[in-house]
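Asks: Sequence below, structure please.
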Amino acid sequence: MLDIKFLRENPEIVKQNIKNKFQDQKLPLVDEVIALDRENRDIKGEVEALRAQKNKDSKEIGLLMKSGDKEAAEKMREKVNASSQRIEELSAREKEVEESIRTIMMTIPNIIDPSVPIGKDDSENVEIKRYGEPVVPDFEIPYHTEIMEKFSGIDLDSARKVAGNGFYYLMGDIARLHSAVIAYARDFMIDRGFTYCVPPFMIRSDVVTGVMSFAEMDAMMYKIEGEDLYLIGTSEHSMIGKFIDTIHEEENLPYTLTSYSPCFRKEKGAHGIEERGVYRIHQFEKQEMIVVCKPEESKMWFDKLWQNTVDLFRSMDIPVRTLECCSGDLADLKVKSIDVEAWSPRQQKYFEVGSCSNLGDAQARRLKIRVNGPNGKYFAHTLNNTVVAPPRMLIAFLENHLQADGSVTIPEVLRPYMGGKDKLQ
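Replies: Numbering: from 1, shown residues only. This is a model prediction of the structure:
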């Protein structure tokens, strides 16, 4: 969420940013919120003047009563009562105006970083760099669920009966591989200095609206009926929510946390054949990383975060590339975002396995995450990034490590988590 003062003083910058994100339907909101802000400040000014006059008149009543001028005192009392009624009316309107301002400000997108490429959607994202050599083997690679079925590692039919489409049972060595990747990712991040955390898997509505836009919320979140609780779509939500309405000493920053959680998503809409199986699902597990830091350090941490994911995948011998998200592909709260994509030998293209985002002070402003600095209080910057999210990551793993005889090799870094196995037969 933008600072209202910034919007008030820079309306054309805010409008151009809206245009850069191809959300022209939101342009009238800028003038609307400026008008509401002006009205709000006028109300506050009038209320302040009325209260000062009311206090003065109240003292005058006492003096008039002492002097015996009851008639004048009664007239003054009527004036004070009228002031009280007017203050009450203005205060009610002030609440309405401030709620309208907040609603609109939560809809206007954050100012994107100047380095973000301008584009309408993800088709205009820009490749930055490739890591590892993409290989296409000289044998056919089956669809990922077929590979899993060869190991008796997945049961989609039973999952449909139990929970519906978008769910799965992972079994045997495939389930073990899934857990091994999560455990390895946890230790990988701990070794890089991050504090391990298992957060709540449900969050309240004030945290939901603090960490994401209304559009994301509607598309992703499952609501718990009859309660002010939502199932998390990613642990970054409850991890950032951990800091809601807090003030931190500057010398204690940054906070660097890595978290494990299950995640739950609606995943609305139809998807192509390559996104069936366990690619786009309603339930999955994930290792995440978040940072709460000083504004001047957020760029440095952004580069560190996405590099962690690249390094993790390369340590498992999976080729990846980084992709700069264009303006139209950025969620409204994001300042800048980089996707990490893994190589799919089957499709002979890359697909997303992680996303790194710098949200500036947008989440901190909504959640009131403040820092005590030498020159006063300010809002922290928040960042998040996927460490690894199996079972989608399993697709890349199985395709890149499948051998011609149907076996799957286990990279050295994962063998301690797989009971010493170097291969799945």
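Asks: Can you list the helices and strands that the longest helix seen in the chain packs against?
Replies: Longest helix of the chain, by residue count under DSSP state H: helix 27-67. Other helices and strands packing on helix 27-67, by 3 or more C-beta pairs under 8 Å, 6 or more residues apart in numbering; DSSP states H and E, are helix 4-9, helix 11-20, helix 70-105. For the C-beta atoms, the positions are set from N, CA and C on the backbone; glycine is no exception.
Asks: just the angle between that helix and helix 11-20, please?
Replies: Angle, helix 27-67 to helix 11-20, by axes from the mean of the first three to the mean of the last three C-alpha atoms, to 10 degrees: 140 degrees.
Asks: all helices for the chain, in order.
Replies: With helices called from DSSP H, the chain shows them at 4-9, 11-20, 27-67, 70-105, 144-150, 156-162, 172-191, 205-211, 214-220, 235-241, 298-315, 362-367, 392-401.
Asks: and of the ones you listed, who's closest to residue 123?
Replies: helix 11-20 (16.5 Å; C-beta to C-beta).
Asks: contacts for that closest one?
Replies: 2, 6-7, 24, 26-27, 30-31, 34, 108-109, 111-112, 118, 327 (C-beta atoms under 8 Å, 6 or more residues apart in numbering).
Asks: buried sites along that helix?
Replies: Residues of helix 11-20 classed as buried under the neighbour-count rule (16 or more other C-beta atoms under 10 Å) are 14, 15, 17, 18, 20.
Asks: got JSON lines for the helices of the chain, with mean pLDDT too?
Replies: Below are the helices of the chain laid out as JSON lines (pLDDT from 0 to 100):
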{"stretch": "helix 4-9", "mean pLDDT": "95"}
{"stretch": "helix 11-20", "mean pLDDT": "98"}
{"stretch": "helix 27-67", "mean pLDDT": "93"}
{"stretch": "helix 70-105", "mean pLDDT": "93"}
{"stretch": "helix 144-150", "mean pLDDT": "95"}
{"stretch": "helix 156-162", "mean pLDDT": "94"}
{"stretch": "helix 172-191", "mean pLDDT": "97"}
{"stretch": "helix 205-211", "mean pLDDT": "92"}
{"stretch": "helix 214-220", "mean pLDDT": "76"}
{"stretch": "helix 235-241", "mean pLDDT": "94"}
{"stretch": "helix 298-315", "mean pLDDT": "98"}
{"stretch": "helix 362-367", "mean pLDDT": "95"}
{"stretch": "helix 392-401", "mean pLDDT": "95"}
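Asks: Can you check which of those gets nearest to residue 255?
Replies: Here helix 235-241 is closest among the helices of the chain (C-beta to C-beta), at 9.5 Å.
Asks: Just give me how far that closest one sits from the chain centre.
Replies: From the chain centre to the centre of helix 235-241 is a distance of 8 Å (C-alpha atoms, centre = their mean, to the nearest Å).
Asks: can you offset everything so residue one is 224?
Replies: Renumbered: residue one is now 224, and that last one reads helix 458-464.
Asks: and that helix, what does it pack onto?
Replies: Using 3+ C-beta pairs under 8 Å, 6+ apart, helix 458-464 is in contact with strand 425-426, helix 428-434, strand 478-487, strand 506-516, helix 585-590, strand 604-611.
Asks: Just say which of the ones you listed is most tucked in.
Replies: The highest mean neighbour count among the helices and strands packed on helix 458-464, using mean count of other C-beta atoms under 10 Å, belongs to strand 604-611: a mean of 27.
Asks: That one versus strand 506-516: what angle between them?
Replies: Put simply, strand 604-611 runs at 150 degrees to strand 506-516, going by the same axes, to 10 degrees.
Asks: Just the C-alphas of strand 604-611, formatted as CSV.
Replies: Extracted in CSV, the C-alpha atoms of strand 604-611 (Å, rounded to 0.1, in the frame of the first residue of the first chain):
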residue,chain,number,x,y,z
HIS,A,604,10.9,-3.8,3.8
THR,A,605,9.8,-7.4,3.4
LEU,A,606,10.9,-10.0,0.8
ASN,A,607,10.0,-13.6,0.2
ASN,A,608,11.2,-16.4,-2.0
THR,A,609,10.5,-20.1,-2.6
VAL,A,610,13.3,-22.4,-1.5
VAL,A,611,11.6,-25.5,-3.0
